[in-house]
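*Asks:* just the structure for this:
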Amino acid sequence: MQNRCVAVRSGSGRRDELDTFSAQKFWAAQNFLDDEVQINGCWTDRERKQNGGSEFIAICSTGCVSILIFNISQQCFVVVKQFRPAVYMCEMEEQCPQYFENKTEESWCPLSDVLPASKGITYELCAGIVDQPELSLEEIACKEVLEECGYEVPVTSLKRITSYRSGVGVTGSKQTLFYAQVTDDMKSSEGGGQPEEGELIEVVEIPLQDSMKFAYDETFPKTMGVIFSFMWFQSNIAPKLQEK
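*Replies:* Predicted coordinates:
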């Protein structure tokens with residue numbers, strides 16, 4: 001079966017995020033890409049030939065940090081919810097494969113007419129790419145917590161959980177996971193990311209008592225980082241809270 005590629009981009013030029021939930025901002029490639037792919041920024045595309053054929057692979061040279069945030073005042077986890085074009089396009093392929101068949105430039109219609117934008121929403125840990133070499137991983141993590149979730153977290157209060165490889169079939173990037181315990185007094189803004197960078201992030205609180213039910217509830221699309229970090233918390237932090 002021939003592989004098909006569909007590109008989605010936002011007006012901001014960022015590859016992985018849209019500057020609005022409005023499906024009018026969606027853009028789908030006119031044709032399936034089978035020649036050359038151009039991606040700016042830290043992404044690099046290589047062509048790999050196998051058995052006389054070819055396929056394109058995308059390699060991201062930067063790592064990233066993610067942060068499990070627990071608000072001890074409210075006894076809840078703080079995660080983010082945002083639109084992911086790749087998730088949306090996978091849903092399109094699964095639920096509406098006919099959309100991509102025999103399309104011409106004139107026959108393309110807004111994707112929202114076929115599938116609501118909410119199908120591309122995912123729940124994730126607060127996270128960011130490592131693109132500032134002058135900052136430590138801890139400093140980048142604290143910066144992301146402030147920008148996305150609105151909490152001012154001292155670098156010294158971060159706990160490093162572990163690091164692992166993510167997206168091994170595409171990016172192979174190294175992700176470092178931290179734990180941050182916050183209080184209501186540490187909240188200085190509403191968060192939400194930086195709109196000028198094409199970010200539109202909603203902060204969501206998950207009560208501790210409902211966290212494992214949420215982790216395994218497939219009606220809430222989420223990353224593996226959320227599930228793993230909630231399990232880590234139950235094993236390493238929750239017992240200490242019960243002792244107090």
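*Asks:* tell me the SS of the closest residue to V65 other than its chain neighbours?
*Replies:* Nearest residue to V65 in three dimensions, chain neighbours excluded: A141, at 4.5 Å (CB to CB, 6 or more residues apart in numbering). The way it works is simple: take the backbone N, C-alpha and C, and place the C-beta from them, glycine included. Under DSSP: H, G, I helix; E, B strand; the rest coil, the three-state class of A141 is helix.
*Asks:* same for the longest strand seen in the chain, what does it pack against?
*Replies:* Secondary structure of the chain per DSSP state E: the longest strand is strand 173-182. If you count contacts as 3 or more CB pairs under 8 Å, 6 or more residues apart in numbering; DSSP states H and E, strand 173-182 packs onto strand 64-71, helix 137-149, strand 159-166, helix 224-236.
*Asks:* I'd like the next helix or strand past the last one.
*Replies:* Put plainly, it is helix 224-236. Next in sequence after helix 224-236, counting helices and strands by DSSP states H and E, comes helix 238-243.
*Asks:* and V204, how far is that from T122?
*Replies:* 11 Å (CB to CB, to the nearest Å).
*Asks:* overlap in contacts of these two?
*Replies:* Both V204 and T122 are contacted by K81, under the criterion CB atoms under 8 Å, 6 or more residues apart in numbering.
*Asks:* got the angle between the next helix or strand after the longest strand of the chain and strand 64-71?
*Replies:* Following strand 173-182 in sequence order, the next helix or strand is strand 202-207 (DSSP H and E). Calculated by axes from the mean of the first three to the mean of the last three CA atoms, to 10 degrees, strand 202-207 forms an angle of 50 degrees with strand 64-71.
*Asks:* report the buried residues of the next helix or strand after strand 202-207.
*Replies:* On the C-terminal side of strand 202-207, the nearest following helix or strand under DSSP H and E is helix 211-216. By neighbour count on 16 or more other CB atoms under 10 Å, the buried set for helix 211-216 is 211, 214-215.
*Asks:* elements contacting helix 211-216?
*Replies:* The contact analysis (3+ CB pairs under 8 Å, 6+ apart) places helix 211-216 against helix 224-236.
*Asks:* can I get the helix it packs on in PDB? Just the C-alpha atoms.
*Replies:* Below are the C-alpha coordinates for helix 224-236, written out as PDB (Å, rounded to 0.1, in the frame of the first residue of the first chain):
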ATOM      1  CA  MET A 224       2.100   8.700  27.300                       C
ATOM      2  CA  GLY A 225       3.900  11.200  29.400                       C
ATOM      3  CA  VAL A 226       0.700  12.000  31.300                       C
ATOM      4  CA  ILE A 227       0.000   8.400  32.000                       C
ATOM      5  CA  PHE A 228       3.600   7.500  33.100                       C
ATOM      6  CA  SER A 229       4.000  10.600  35.300                       C
ATOM      7  CA  PHE A 230       0.700  10.000  37.100                       C
ATOM      8  CA  MET A 231       1.800   6.400  37.800                       C
ATOM      9  CA  TRP A 232       5.200   7.700  39.000                       C
ATOM     10  CA  PHE A 233       3.400  10.100  41.300                       C
ATOM     11  CA  GLN A 234       1.300   7.400  42.800                       C
ATOM     12  CA  SER A 235       4.400   5.300  43.600                       C
ATOM     13  CA  ASN A 236       6.800   8.000  44.700                       C
END
